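# Starting from these lines, generate the structure:
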Amino acid sequence: MDVQDMIDELDLYGFDDIDTNQKVLLLNEAYLDITTREPWPFLEKLITVTVPTGESKITNNASVSTNVTDLASVLSFVNTTDDIIMVPERTDVIEKSYRSFGTDPSLASKYYFVGEDLFVYPEVQGSTTFRLYYVQIPTDLTSTTVAANILLPSRHHSIIVFGALVKAFLVNDDPQSAVFQNMYESRYAQMRNDLWLNQYDRTERVHVISESSDWSY
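Here you go, the predicted structure:
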């Protein structure tokens, strides 16, 4: 189902009098609601990025090999040049515990965020390659977006329409919004059950972690 199909379906529910741009806006609001509720498997992305000497900024940086502009959150970050698993750290800890006392590690081994931008610490010494596995930010839908460019699996595209219908009925102060809200949440639960368990071959592992009070980030 591409966006035009979704627009056509909204028309079938009696919203053919709404401007196309407004329908796309409603579809995007539903799409955003769906994709930001959980770190869905379909949002996962794996890239390799090479950072030149003296650089520390990874995202939104045209100087690196792959300019990452859609990072929402990190799942795994590895310095493959030096075989180092990057450790997340708070920005204020970097400032107070490393920069202020000159206790820099010799190789890029930590990462932190300033706003929504990802940085490594310290800056790389020599061209360094990283493997970044992350949750991406979806691109907004347009009236010409094809099914292949919608991140949700195609079998679940109808949930976007249900979400848009909820908002459309709310705009018109129509009591049917409650009916479609239930349909939307039911369809959401169905998608969740489908996507979060994709193997029945073996049991899940239980990972033992330290107390949260021991965490430094």
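# isn't residue 81 right next to residue 125, touching?
No: with contact defined as CB atoms under 8 Å, residue 81 does not reach residue 125; the gap is 10.3 Å. Every residue, glycine included, has its C-beta placed from N, CA and C.
# anything in contact with each of the two?
Common neighbours of residue 81 and residue 125 are not found (criterion: CB atoms under 8 Å, 6 or more residues apart in numbering).
# A strand includes residue 120, no?
Yes: the assignment for residue 120 by DSSP: H, G, I helix; E, B strand; the rest coil puts it in a strand.
# Let me see the contact set for it.
The neighbourhood of residue 120, defined by CB under 8 Å, 6+ apart, consists of 51, 56, 58, 79, 86, 108, 110, 111, 130.
# helices or strands next to the helix or strand bottoming out on mean pLDDT in the chain in the packing?
Taking mean pLDDT, DSSP states H and E as the measure, the helix or strand of the chain with the lowest value is helix 91-93, at a mean of 89. Helix 91-93 is packed against strand 110-114, with contacts defined by 3 or more CB pairs under 8 Å, 6 or more residues apart in numbering; DSSP states H and E.
# Return the mean pLDDT over the strand it packs on, rounded to an integer.
Averaged across strand 110-114, the pLDDT comes to 95.
# What helices and strands are in contact with the top helix by length along the chain?
Scanning the chain for the longest helix, with DSSP state H as the assignment, gives helix 176-195. Secondary-structure packing of helix 176-195 (3+ CB pairs under 8 Å, 6+ apart): helix 158-171.
# buried residues in the helix it packs on?
Residues 158, 159, 160, 161, 162, 163, 164, 165, 166, 167, 168, 169 are the ones in helix 158-171 that count as buried (16 or more other CB atoms under 10 Å).
# hey, C-alpha coordinates of it in CSV?
Only the C-alpha atoms of helix 158-171 are listed here, as CSV (Å, rounded to 0.1, in the frame of the first residue of the first chain):
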residue,chain,number,x,y,z
SER,A,158,-3.3,-0.4,7.0
ILE,A,159,-2.5,0.7,10.6
ILE,A,160,-1.4,4.1,9.3
VAL,A,161,-4.8,4.6,7.7
PHE,A,162,-6.6,3.7,11.0
GLY,A,163,-4.4,6.1,12.9
ALA,A,164,-5.2,8.9,10.4
LEU,A,165,-8.9,8.1,10.6
VAL,A,166,-8.8,8.5,14.4
LYS,A,167,-7.3,12.0,13.9
ALA,A,168,-9.6,12.9,11.0
PHE,A,169,-12.8,12.0,13.0
LEU,A,170,-11.4,14.0,16.0
VAL,A,171,-10.9,17.0,13.8
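# Would you mind getting the angle between it and helix 176-195?
For helix 158-171 against helix 176-195, the angle by axes from the mean of the first three to the mean of the last three CA atoms, to 10 degrees is 160 degrees.
# residues making contact with helix 158-171?
Residues from elsewhere that reach helix 158-171 (CB under 8 Å, 6+ apart): 1, 6, 9-10, 13, 15, 18, 23, 26-27, 29-31, 33-34, 150, 152, 175-177, 180-181, 183-184, 187-188, 191.
# Going through the residues you listed, which ones are buried?
Using 16+ other CB under 10 Å as the burial test, those include 1, 6, 9-10, 15, 18, 23, 26-27, 30-31, 33-34, 150, 152, 177, 180-181, 183-184, 187-188, 191 as buried.
# still on that earlier bit, for the longest helix of the chain, what is the distance to the chain centroid?
Computed by CA atoms, centre = their mean, to the nearest Å, the separation of helix 176-195 from the middle of its chain amounts to 21 Å.
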